[in-house]
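1. Prediction below, plus the sequence it came from.
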Amino acid sequence: MPCSGRVEAEFIVIAFKNGADGVFVSGCRPGDCHYKEGNYKAARRFHLLKRVLTSMGIEPERLGMAWISGSEGKRFAETMTEFDKLIRELGPNTLKGSLAHSPEVSGW
Ligand code: FES
């Protein structure tokens, strides 16, 4: 995606429905979004989505977010390694394939 603000909540829900064990959204640091407010929109969506995931029986930790610029490759790699470790500790998404009738989360 060109901007974290373009990551719709339903994309994340669909990823979990399709069996993703974790989803991570990364965007530009606050104030650095090329589309001005995309990362602020993403942050608001992230907090609401954590609650929705919990209500769906998905551990909210399975959704991660960080503000990392394109020039911070080392930090990005470290953050992904940490997230991967967390997801492995949580184990597989136990709701894989069982969310066919979960609520739609569009228009956020
Ligand atoms: S361009 Fe919007 S978060 Fe990076």
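-> Okay, I see it. Numbers count the residues shown, from 1 in each chain.

2. Checking residue 96 next. Helix, strand or coil?
-> Classification of residue 96 using DSSP: H, G, I helix; E, B strand; the rest coil returns coil.

3. I figured it hits residue 15, correct?
-> No: using Cβ atoms under 8 Å, residue 96 is not in contact with residue 15; the gap is 11.1 Å. Any C-beta I mention is one placed from the backbone N, CA and C, and that applies to glycine too.

4. Looking at those two, which one has more neighbours?
-> A direct count of neighbours by other Cβ atoms under 10 Å for residue 96 and residue 15 places residue 15 higher, at 16 against 13.

5. nearest residue to that one other than its sequence neighbours?
-> Closest residue to residue 15 apart from its sequence neighbours, by Cβ to Cβ, 6 or more residues apart in numbering: residue 23 at 5.0 Å.

6. Who is that neighbour paired with across the strands?
-> Assessed by DSSP bridges, residue 23 has beta-bridge partners residue 63.

7. tell me the contacts of it?
-> Each residue near residue 23 by Cβ atoms under 8 Å, 6 or more residues apart in numbering is listed here: 12, 15, 16, 62, 63, 64.
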